[in-house]
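A.B. asks: coordinates only, no sequence provided:
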Ligand code: FES
């Protein structure tokens, strides 16, 4: 399995409408922070999540969160050479 690629240190703030979303876990999507299928062949799968009512979320862009798809502050502990 490949390692996830850091897309950005900062998480992405979104106001999401109710629905199902697919968060990019591999960091290779061109539609960050959402999956566009670019993970194919990496062994990494996107993470689905459901929003029940309109809400603001912070989605992980460093791809090292322990609580995907949401930012848990892990970007603060990553070495600078990952960016
Ligand atoms: Fe990254 Fe699908 S493109 S998980």
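C.D. replies: Now that the structure is in, tell me what you want to look at. In this text, all values refer to a predicted model and were calculated from it rather than measured experimentally.
A.B. asks: okay, CA-based contacts and neighbour counts for the rest of this
C.D. replies: Will do.
A.B. asks: is the ligand contacted by stretch 47-67?
C.D. replies: No. Shown here: stretch 47-67 not in contact with the ligand (C-alpha under 6 Å from any ligand atom), separated by at least 7.3 Å.
A.B. asks: and that stretch, what's buried?
C.D. replies: For stretch 47-67, a neighbour-count test (16 or more other C-alpha atoms under 10 Å) marks 57, 59-65 as buried.
A.B. asks: one more: stretch 4-15?
C.D. replies: Residues of stretch 4-15 classed as buried: 4-9, 11-12 (neighbour count, 16+ other C-alpha under 10 Å).
A.B. asks: that one: end-to-end distance?
C.D. replies: Chord length of stretch 4-15, first to last residue, is 25 Å (C-alpha to C-alpha, to the nearest Å).
A.B. asks: contact partners of it?
C.D. replies: Residues from elsewhere that reach stretch 4-15 (C-alpha atoms under 8 Å, 6 or more residues apart in numbering): 25-28, 32-33, 44, 54-64, 71, 75, 82-83.
A.B. asks: what's stretch 73-83 in contact with?
C.D. replies: In contact with stretch 73-83 (C-alpha under 8 Å, 6+ apart) are residues 6, 8-10, 62, 64-66.
A.B. asks: would you turn the residues you listed into JSON lines with secondary structure and pLDDT?
C.D. replies: JSON lines is the format used below for the contacts of stretch 73-83 (DSSP: H, G, I helix; E, B strand; the rest coil; pLDDT from 0 to 100):
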{"residue": "6", "secondary structure": "coil", "pLDDT": "96"}
{"residue": "8", "secondary structure": "coil", "pLDDT": "95"}
{"residue": "9", "secondary structure": "coil", "pLDDT": "93"}
{"residue": "10", "secondary structure": "coil", "pLDDT": "95"}
{"residue": "62", "secondary structure": "coil", "pLDDT": "97"}
{"residue": "64", "secondary structure": "coil", "pLDDT": "96"}
{"residue": "65", "secondary structure": "coil", "pLDDT": "97"}
{"residue": "66", "secondary structure": "coil", "pLDDT": "97"}
